[in-house]
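>>> missing the sequence, but the structure's below:
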DNA sequence: TATCAATTTCAGAAGAATTGAAGTGAGCGC
DNA sequence: GCGCTCACTTCAATTCTTCTGAAATTGATA
């Protein structure tokens, strides 16, 4: 069986024109190189050099030099691609994230993640928690970032951080003058605008209030606009409102249980690609810190 | 260093879905295959299979299967090209030959030579001895077939056959009634047409006759036409006149030294390509027999 | 023709791959 | 839930391959 290593030795000899230099170049003795060449000639079935001074090739030698060079080049390139992929320097990464994280947390995270991986291709989908789970489950996204839910079936949840809900209201609202965390009871009689995130709050008092609400808005920008326009108040995770909005105030809630847990969503059965695994580790290490900083904790 | 052989084992395992079958396929034990795989994973830097049941690949495994298959395919193809070339099943062969051999001898020779080498590309140049030597010397032709000459410099001559000269005259010429080989003295007073081949005859008697000749024709067809038209007689090698011409007769010459030696012309310093070497051996073995048959010896 | 350097040859040494047996662990039927 | 089975892995011994260093050979050069 002809080995690629033998071709490598042959090409080196053909290029240096003598065995001694080639032997130095490949880190063997001249006798080892000589034997390799002899064996190669036997296996191919013809002489590669015109004389045993290795400075001129036969027609067969020329052909083998061309083909051999190409094989070596192509093999080495393949191996380097394999290694780069294994070490997550290349590959593609599809992330599905809830908007609050996509907007407030992922930009610096991705920026730093890609700094050492300039060749990695990233796709980011900005969708709600339920769809995040669906995209991960179907394999469209490699990894998801979403609120916790009863971990059903194929996807697994790993918590990243907790995010307390706050009350969002016009900054001239009566509640702004309370100077203490808002209790659910403070909201009796107020008009509440529901949204996708706040529906996750389990507190019975909140559920009662929420049941009376007539408006539900899923898009955060629209929601804030509604509040600003004086249509009512709403409850949102802190991170969602991280960027201060003109004319609206974010008030702390007294109920410490009113918080969502945000974490990574991954398929349980399918192992992540190297890039996804690297991103997972990076996210677990870096996201909590970024969130803490953003929320001013 | 990653070896192509390791990729070969990996691809086999990935394709059979388990180690035992793959081990049978590559002719190793399962433990050898397992160790090869482990080593490959270490060198690449990541796992290739999802579990230690080898029936599902990781993303890295899939990449390596694709790249590995391609590398193996390409390497094997290169090796087979090298072998085919070494065994002269492929390659190109450029032959320069004097017309008499090109016309009368080479067709059946080449036909049989190529029968077992259908992929070999052949070029045939039909030119005079001096040009044959020049083409071989310059490397344009791999091998030449020409009359002998003082073997000068870079080319070497290997005799193939001898070819006696004959006298060519109109079939109603007086000489046709001699009923014995023609002597040089029989030609006194006759009009002789010189040609490229007959100029090689060394006999002093002939040289005298030839010196008196006023016409020289190099092309055989024209030469025969001249003879047929009654312009004179000429001296040509038997093989050149092998095909009988209407209205002209080819008479034996008494002078046994009036013959040319035809042989192979090759470069002395440059080794022949495998196809050229194969043709050389074939020609040395087959051409004398064909010539003997053609000349009815 | 003698000399010198490059190459080849050879036997032993070093290193790598392979084997067979024992061990591990996941999946499956009882 | 227990133990069986099958597939894979691990380990130490063995075998096979490749390498080395010394000596012999070869070819070029003076």
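Okay, I see it. Predicted model, so just to flag it, every value in this text is computed and none were measured.
>>> now stretch A:138-151, how far from the chain's geometric center?
Chain-centre distance of stretch A:138-151: 13 Å, with CA atoms, centre = their mean, to the nearest Å.
>>> Same question for stretch A:107-119.
With CA atoms, centre = their mean, you get 9 Å for stretch A:107-119.
>>> Can you point out the buried residues in that stretch?
A:109-110, A:113, A:117 (16 or more other CB atoms under 10 Å in any protein chain shown). Heads up, the C-betas are built off the backbone N, CA and C, glycines and all.
>>> so residue A:96 sits in a helix?
No: Residue A:96 sits outside any helix when classified using DSSP: H, G, I helix; E, B strand; the rest coil, being strand.
>>> low-scoring stretches of the stretch 101-250 of chain A, by residue?
A:151-152, A:242, A:244 (pLDDT under 70).
>>> where along it do the strands fall?
A:121-126, A:143-147, A:155-170, A:192-194, A:215-216, A:233-237, A:248-252 (DSSP state E, counting those that start in this stretch).
>>> now those in a markdown table, with distance to residue A:45 and mean neighbour count?
Formatted as a markdown table, the strands of the stretch 101-250 of chain A follow (distance: least, CB to CB, whole Å; neighbours: other CB atoms under 10 Å in any protein chain shown):
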| stretch | distance to residue A:45 | mean neighbour count |
| --- | --- | --- |
| strand A:121-126 | 46 | 14 |
| strand A:143-147 | 54 | 25 |
| strand A:155-170 | 58 | 20 |
| strand A:192-194 | 81 | 21 |
| strand A:215-216 | 80 | 14 |
| strand A:233-237 | 74 | 25 |
| strand A:248-252 | 82 | 18 |
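>>> Need these in JSON lines (columns: distance to residue A:2).
Putting these into JSON lines (distance: least, CB to CB, whole Å) gives the following:
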{"stretch": "strand A:121-126", "distance to residue A:2": "38"}
{"stretch": "strand A:143-147", "distance to residue A:2": "44"}
{"stretch": "strand A:155-170", "distance to residue A:2": "48"}
{"stretch": "strand A:192-194", "distance to residue A:2": "72"}
{"stretch": "strand A:215-216", "distance to residue A:2": "71"}
{"stretch": "strand A:233-237", "distance to residue A:2": "64"}
{"stretch": "strand A:248-252", "distance to residue A:2": "72"}
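>>> For the residue lying closest to residue A:129 once chain neighbours are set aside, list each beta-bridge partner.
Once flanking residues are discounted, residue A:129 sits nearest to residue A:146: 3.9 Å by CB to CB, 6 or more residues apart in numbering or on different chains. Bridge pairing for residue A:146 (DSSP bridges) gives the partners residue A:263.
>>> any idea of the pLDDT on the residue of chain A positioned farthest from its centre?
The centre of chain A is farthest from one residue, residue A:51, which by CA atoms, centre = their mean lies 58.4 Å away. The model reports residue A:51 with a pLDDT of 86.
>>> Surely it is in a strand?
No: counting by three-state DSSP, residue A:51 falls outside a strand, being coil.
>>> give the contact list for it.
By CB atoms under 8 Å, 6 or more residues apart in numbering or on different chains, the contact list for residue A:51 is empty.
>>> Spell out which parts of chain A neighbour DNA strand D.
Applying CB under 7 Å from any atom of the strand, we find that chain A lies next to DNA strand D at A:3, A:27-29, A:31-32, A:35-36, A:39, A:51-53.
>>> What are the buried residues along the longest helix anywhere in chain A?
Secondary structure of chain A per DSSP state H: the longest helix is helix A:59-86. Going by neighbour count (16+ other CB under 10 Å), the buried part of helix A:59-86 is A:59-61, A:63-65, A:67-69, A:71-72, A:74-75, A:78-79, A:82-86.
>>> Check stretch A:190-209 too.
Under 16+ other CB under 10 Å, the buried positions of stretch A:190-209 are A:190, A:192-198, A:200-201, A:206, A:209.
>>> that older thread, just the mean pLDDT for the longest helix of chain A, thanks.
97.
>>> can you list the residues of the stretch 1-150 of chain A near chain B?
Contact residues (CB under 8 Å from any CB of the partner chain) of the stretch 1-150 of chain A with chain B: A:1-5, A:44-47, A:50, A:58-60, A:63-64, A:67-68, A:70-71, A:74-75, A:78-79, A:81-83, A:85-87, A:91.
>>> Now tell me what touches stretch A:102-122 from outside.
A:84, A:88-95, A:97, A:124, A:126, A:145, A:239, A:242-243, A:275, A:278-279, A:282-283, A:286-287, A:290-291, A:294.
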